[in-house]
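Q: okay, here's the prediction I keep looking at, along with the sequence it came from:
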Amino acid sequence: MLEPIRQIISRQRNILASSSIRRKEILESVRFNFEVIRPEFEENLDKNSFTHPCEYVKENAKQKALSVWRQLARLDKNNVADLVIGCDTVVTLDEKIYEKPKNETDAIRVLMKLNGRTHTVFTGVALITKSKSMSSSSSSSTTTTASNQQQQQQMTQSSSSSSSSSVDGDYLVTTFHEATDVTMSEMDKTIIESYVKTGEPFDKAGGYGIQGIGATLIESIRGDYFNVVGLPLHRLAKELYYMYTE
């Protein structure tokens, strides 16, 4: 999906607005040309103000990407990136959002909630590009004004979304989300406590890492594996393909 636009991507300045090592590794695995800049955005949005977890992760992703875009603009307005990618991932169960556990006790509590059940992992992605270089986004995307963007976003509550885009001054923001259902095996509490002792849960939504030791806790998944890791790779590639070929 990326090969037809490989030359375009390799010529431009692409930024991953994330401190996640896992997202960095996913992009590196497909030879994506990019830099990493940690966003200044403080993740303190009120979860209760969003109608659905997908809206929450998309807004977090958007604010992370905008934070980096503005950081670059302050340094040199004429040398802002061609593409900034922001992401946010949460685990949901029974309409409750679970992010990174605060401590060992919290990690055990969260994993006991997920124990023997199927939960959903949502990842929101925001792509910021220079508006003057874009004529439209993908065929499934819709371009809206900034004032009605929130209304457009709230129309999407499915497991995977059509993109929505808005133009604001010098940049275009495109957002989308993906969802993956994950079934965790039913385990004795001592197994969960032993896993938490490895230290792996503490920087991961839901308190487990499917790409690490946490994979031994997972019985099955339905959807994109990379979405659970933190970046829906196929969907990202698909959005970029349409973005640069239409």
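A: Structure's in. What do you need?
Q: this protein: helices as residue ranges?
A: For the chain, applying DSSP state H gives helices covering 6-11, 21-29, 53-75, 104-114, 149-153, 189-197, 225-229, 233-245.
Q: which one, of these, ends up nearest to residue 131?
A: Evaluated with CB to CB, these place helix 53-75 nearest to residue 131, the distance being 11.6 Å. The C-beta positions use only the backbone N, C-alpha and C, and glycine is treated the same way.
Q: per-residue pLDDT of the spatially most central residue of the chain, please?
A: Central residue of the chain (CA atoms, centre = their mean): residue 87, 3.0 Å from the mean position. The model reports residue 87 with a pLDDT of 98.
Q: ditto for residue 5
A: pLDDT for residue 5: 96.
Q: burial measure for it, as a count.
A: Neighbour count of residue 5, defined by other CB atoms under 10 Å: 16.
Q: and if you look at residue 100?
A: Once other CB under 10 Å is used to define contacts, residue 100 is seen to have 18 neighbours.
Q: show me where the protein dips below the pLDDT cut-off.
A: Confidence mapping of the chain against pLDDT under 70 gives the ranges 132-161, 164-169.
Q: and with 50 instead?
A: Scanning the chain for pLDDT under 50 picks out 133-158.
Q: surely residue 107 meets residue 194?
A: No. If you go by CB atoms under 8 Å, residue 107 and residue 194 don't touch, sitting 11.9 Å apart.
Q: list the contacts of the residue nearest to the centre of the chain.
A: Going by CB atoms under 8 Å, 6 or more residues apart in numbering, residue 87 touches 17-18, 20, 23, 61, 64, 123-126, 230-231.
Q: tell me which of residue 107 and residue 194 has more neighbours.
A: Taking other CB under 10 Å, residue 107 and residue 194 do not tie; residue 107 has more neighbours (25 against 12).
Q: now the more buried one: how far from residue 115?
A: Per CB to CB, to the nearest Å, residue 107 is found 12 Å from residue 115.
Q: same question for residue 237.
A: Using CB to CB, residue 237 is found at 34 Å from residue 115.
Q: before we move on, what about residue 10?
A: Using CB to CB, residue 10 is found at 45 Å from residue 115.
Q: so which of those two has more stuff around it?
A: More neighbours surround residue 115 than the other of residue 10 and residue 115, with 16 against 11 (other CB under 10 Å).
Q: who are the contact partners of that one?
A: 184, 186-187, 192.
Q: buried ones among those?
A: 184, 187, 192 (16 or more other CB atoms under 10 Å).
Q: need the residues you listed in JSON lines (columns: distance to residue 220).
A: Formatted as JSON lines, those follow (distance: CB to CB, whole Å):
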{"residue": "184", "distance to residue 220": "9"}
{"residue": "187", "distance to residue 220": "15"}
{"residue": "192", "distance to residue 220": "18"}
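Q: of those residues, closest to residue 37?
A: Residue 37 lies nearest to residue 184 out of the buried ones among the contacts of residue 115, by CB to CB, at 33.9 Å.
Q: rewinding a little: taking the contacts of residue 115 one by one, which sit in strands?
A: Filtering the contacts of residue 115 for membership in strands, criterion DSSP state E, returns residue 184.
Q: now, which of the contacts of residue 115 sits nearest residue 243?
A: residue 184 (35.4 Å).
Q: out of everything not next to it in sequence, what's closest to that closest one?
A: Once flanking residues are discounted, residue 184 sits nearest to residue 114: 4.8 Å by CB to CB, 6 or more residues apart in numbering.
Q: any idea how far the one you found is from residue 34?
A: Applying CB to CB to residue 114 and residue 34 gives a distance of 32 Å.
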